[in-house]
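Participant: this one's sequence-less:
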Ligand code: C5P
């Protein structure tokens, strides 16, 4: 894969014309565009078809429903010829297996083969307290010493974050065991998820930022170089690019960062 193929631009915009303008502007630089609930709810399959003429499609609707519904929805995602799509890991093993069945049963394949099914683990906007309210963190796990903590992090924050990352790891392993192709994770979970799930399991990282810029609602962020260096296969960036006054410049910087990390990995 070239550096550009590893960058996914999230088109989190409701207006299809604006989304297409941005995709047109970036099509020579970017391998894939992510379509989420916002653009899809506004324009449906037409959004996929329009953007598809400008690059690959990552359909990020995070299916979370009964297995039979998710199996059928997955078949429809294949019919749209997307390259990747998401289900939510919290839907459980049976639901994730159903998504895979839906893909395998479909007679259609995307140009690059069947779409990759990714599991959304924990949204990076969640912190320890929001997960605890839903009973989604349990006890101390062994990742505490295995995450690259910065020197400024104090013990309580580290403890809470390691609990969140432990949950990400459990969901990622469940997704792998259910036959999914990979997972979407926050940046600080990249390295440990790869260690736990192995090199053939795709890791897609969100929370990608330029140093010192607005992290918005992410509790964990990394530069593209850090994320690819930690083991991510793809990095997703939305607002840093689509809300920038210089989207081409930011994209170019991200591609250079990815290329540098790939060279360092070799
Ligand atoms: O923050 P940015 O605009 O780069 O977000 C890119 C993608 O990351 C979004 O489309 C969303 O799916 C995902 N995201 C997330 N957790 C957040 C914020 C965004 O998983 N807190």
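Facilitator: Sure thing, it's come through. Source: prediction; values computed, not measured.
Participant: for the record, mean pLDDT for stretch 29-48?
Facilitator: Averaging pLDDT along stretch 29-48 yields 97.
Participant: pull the distance from that stretch to the chain's centre.
Facilitator: Centre-to-centre, stretch 29-48 and its host chain are 14 Å apart (CA atoms, centre = their mean, to the nearest Å).
Participant: ends of it, how far apart?
Facilitator: Stretch 29-48 has an end-to-end distance of 19 Å (criterion: CA to CA, to the nearest Å).
Participant: what's the neighbour count on residue 90?
Facilitator: Residues near residue 90, counting by other CB atoms under 10 Å, number 17. Yep, even glycine has a C-beta here, placed from its N, CA and C like the rest.
Participant: helix or strand for the nearest residue to residue 136 once chain neighbours are set aside, which one?
Facilitator: Leaving out its chain neighbours, the residue that sits closest to residue 136 by CB to CB, 6 or more residues apart in numbering is residue 167, at 5.8 Å. Assigned by DSSP states H and E, residue 167 belongs to helix 155-177.
Participant: neighbouring strands for the helix or strand just after that helix, and are they parallel or not?
Facilitator: Where DSSP H and E defines the elements, the next helix or strand beyond helix 155-177 is strand 182-185. Using DSSP bridges, the strands paired with strand 182-185 in its sheet are strand 116-120 (parallel), strand 202-205 (parallel).
Participant: ok so, going back, contacts (any at all) between the ligand and the helix holding residue 167?
Facilitator: No. Counting by CB under 6 Å from any ligand atom, the ligand is not contacted by helix 155-177; separation bottoms out at 11.3 Å.
Participant: now that helix, how far from the centre of its chain.
Facilitator: How far helix 155-177 lies from its chain's middle: 16 Å, per CA atoms, centre = their mean.
Participant: make 39 the first number, not 1, from now on.
Facilitator: From this message on, residue numbering opens at 39, which makes the last subject helix 193-215.
Participant: helices and strands around it, which ones?
Facilitator: Applying 3 or more CB pairs under 8 Å, 6 or more residues apart in numbering; DSSP states H and E, one finds that helix 193-215 makes contact with helix 131-143, strand 154-158, helix 166-171, strand 220-223, helix 228-235.
Participant: between helix 228-235 and that helix, find me the angle.
Facilitator: Here helix 193-215 points in a direction 40 degrees away from that of helix 228-235 (axes from the mean of the first three to the mean of the last three CA atoms, to 10 degrees).
Participant: what angle do helix 193-215 and helix 131-143 make?
Facilitator: Using the same axes, to 10 degrees: helix 193-215 against helix 131-143 is 40 degrees.
Participant: which parts of helix 193-215 are buried?
Facilitator: Using 16 or more other CB atoms under 10 Å as the test for burial, helix 193-215 gives 198-214.
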